[in-house]
Structures are given as C-alpha cells and as structure tokens.
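**Q** Predicted model and sequence follow; I will ask about them next.
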Amino acid sequence: MTEELQYILVVVGLFLVPRVLQRFRIPSAITCVLLGAAVHMGFDLFHDDGTVGLLSTFGIVALFLCAGLEVDFEDLRRGRRVV
C-alpha cells in the first residue's frame, strides 16, 4: 500500500468513523484518539513521519478549540466568586 493511500485512508477514517459512532453516543474526540492509537500501535504505520506529527498538533488545537466553544459564560458569571 502506498504512503499516499495510507494518508487518505487515515484522514477519511478520522472524518467518517467518529460520525458513525456518534449515533451510539460515543464522543468523536474519544474515537479519534482511539483510532490514532490503533494506527500507531496496531498497524505499525507512520513511524518517524513529520506529516502525522503536524496533523496531530492540528488535532490537539482543534480539540481545545471545540472544548473552549462549549463554555457557558452565563454559568461562569453566576459563579464568578468561586471562579
């Protein structure tokens, strides 16, 4: 299997599999982390690859961005003494 095909399969898998598993109430972030671990440990793909390192950095940034968007500022205002 060529390296380009492996990249395509991983990217498509990271977009499609979490959407399918959301029907079973499994969070997409958990699914992506488990898929990444499976690709790294189970299939022995992408060792010492700079592209995957860059994509993982983008994934972590996106994860924190999505977590920041879920903040309810009204709850923070109500509990500002505690915060």
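**A** It's in. This one's a predicted model, so the numbers in the text were calculated from it and none came from an experiment.
**Q** all contacts plus neighbour counts: C-alpha atoms, from now on.
**A** Fine.
**Q** so how many other residues sit close to V12?
**A** Using other CA atoms under 10 Å, V12 has 11 neighbouring residues.
**Q** Model confidence for it, exactly?
**A** Looking at V12, its pLDDT is 85.
**Q** What of the one 4 residues further on?
**A** For L16, the pLDDT comes out at 86.
**Q** what's the distance between it and V82?
**A** Distance check for L16 against V82: by CA to CA, to the nearest Å, it reads 40 Å.
**Q** Quick check on these two: which one has the bigger neighbour count.
**A** L16 (12 against 7).
**Q** now the strands: where do they sit in the chain?
**A** Using DSSP state E, the chain contains no strands.
**Q** tell me the contacts of G53?
**A** Listed by CA atoms under 8 Å, 6 or more residues apart in numbering, G53 has no contact partners.
**Q** and if we set it to 10 Å?
**A** With contacts defined as CA atoms under 10 Å, 6 or more residues apart in numbering, G53 is in contact with F46, H47, G59.
**Q** number of nearby residues for the second one?
**A** Think H47. Other residues lying near H47 total 10 when counted by other CA under 10 Å.
**Q** next one: the last one
**A** Residues lying near G59 (other CA under 10 Å) number 15.
**Q** Look up how far A29 lies from it.
**A** Applying CA to CA, the value for G59 to A29 is 9 Å.
**Q** ditto for the second one
**A** H47 sits 22 Å away from A29, going by CA to CA.
**Q** cool, and L9?
**A** Counting by CA to CA, the separation of L9 from A29 is 18 Å.
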